[in-house]
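J.: Got a predicted model here, sequence first, then my questions.
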Amino acid sequence: MTRRRPPARRRTRRSSRRQQQRDARLIGFLLAAALVVAVVQWLLAHWWVLVVILVIAGLVGAGWLYNRQQQAQWDAVRAQGLRFGLSQLDGLHYSQFEDAIRDLMRRDGCHDAARVGGRGDLGADVKATDPFGRRWVIQCKHRRNGAGGAAVGTPDLQVLNGTARQVHGANVAVIVTNGRVTRPAVVFAKQQRLHVVDRQTLGVWAAGSIPLWELLRAVPPPRRPTPLS
């Protein structure tokens, strides 16, 4: 059985539609070009309008830049005077607690401090590089009831110990909590060269102006000379 050829009318209709589409695109392009030419000619005839637009744009840009500089200066001043009381930290959501730890590290001079906590964080909630070149990896354990909440135990330290250096490249691995830490966890931390910031140490750090590395014992020496060393 021989196949029938499609009717000539269908091919004619398709080619007609394609031609109409090409014509519509061409007309649109010509109209856009004509509009651009008309605008350029108008601006050339009314050049002062272009000058006014440029002046306004320059003023807006200068104002935006000034506001950014002022905001940066204010953020720096505010960061230097950042203080938290333990009651404030207790009342935070756990994500806000992580933000507070990040901000405290920035206050101490870790300008790249960032909160990275979340699903799949592999034991790192905050990462930062201090002015001495040491890479800090911090795991945060917030307790809504403060000292009355569940104590941080050895399993929490084991997670940090397993990922801080091998995965995140930490020079200083720290666990921070506004609650309690079990005695076995403290012993394990000393054995594995981990650092524990318990409620008491956190209170001193957050309410004062002493960098965390001055409150902790056995912190590795600076990795590079700095004006602070």
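T.: Good, I have the coordinates. Numbers count the residues shown, from 1 in each chain.
J.: from what I can see V152 touches I175, true?
T.: Yes. Counting by C-beta atoms under 8 Å, I175 is a contact partner of V152 at 6.5 Å. C-betas here are computed from N, CA, C, even on glycine.
J.: Those two: who's more crowded?
T.: I175 (26 against 23; other C-beta atoms under 10 Å).
J.: The closest residue to that one other than its chain neighbours: how many residues sit nearby?
T.: Leaving out its chain neighbours, the residue that sits closest to I175 by C-beta to C-beta, 6 or more residues apart in numbering is Q139, at 4.8 Å. Q139: 26 surrounding residues under other C-beta under 10 Å.
J.: Next: N171.
T.: So N171, with other C-beta under 10 Å, has 19 neighbours.
J.: Who are the contact partners of it?
T.: Going by C-beta atoms under 8 Å, 6 or more residues apart in numbering, N171 touches R134, R135, W136, P220, R223.
J.: residues in contact with D198?
T.: T177, G179, R180, V181.
J.: okay, it: pLDDT?
T.: D198 carries a pLDDT score of 95 in this model.
J.: again with Q71
T.: 59.
J.: Find residues that contact each of V152 and I175.
T.: In the contact map built from C-beta under 8 Å, 6+ apart, the residues linked to both V152 and I175 are K141, V181, V196.
J.: got a winner among those for most neighbours?
T.: Neighbour tally across these (other C-beta under 10 Å): the maximum, 23 neighbours, falls on V181.
J.: how near is that one to R193?
T.: Using C-beta to C-beta, to the nearest Å, V181 is found at 16 Å from R193.
J.: can you give me the strands for the chain?
T.: With DSSP state E, the ranges of strands along the chain come out as 114-115, 126-129, 135-141, 172-177, 195-197.
J.: Not counting sequence-adjacent ones, nearest residue to A151?
T.: Spatial nearest neighbour of A151, excluding adjacent residues (C-beta to C-beta, 6+ apart): R180 at 4.1 Å.
J.: How about A114?
T.: Spatial nearest neighbour of A114, chain neighbours left out: K127 (5.7 Å); criterion: C-beta to C-beta, 6+ apart.
J.: The one you found: neighbour count?
T.: 23.
J.: Would you check that my belief about it contacting Q139 is correct?
T.: No. Applying C-beta under 8 Å, one finds K127 not in contact with Q139, separated by 10.7 Å.
J.: what sits against R115?
T.: S95, E98, D99, I101, R102, D125, V126.
J.: now those residues: which count as buried?
T.: Neighbour counting by 16 or more other C-beta atoms under 10 Å classes E98, D99, I101, R102, D125, V126 among those as buried.
J.: in the sheet, who's paired with the last one?
T.: So that's V126. Going by DSSP bridges, V126 is paired in beta bridges with R115, I138.
J.: Distance check, it against L65.
T.: In terms of C-beta to C-beta, V126 sits 31 Å off from L65.
J.: and if you look at the fourth one?
T.: Relative to L65, R102 is positioned 27 Å away (C-beta to C-beta).
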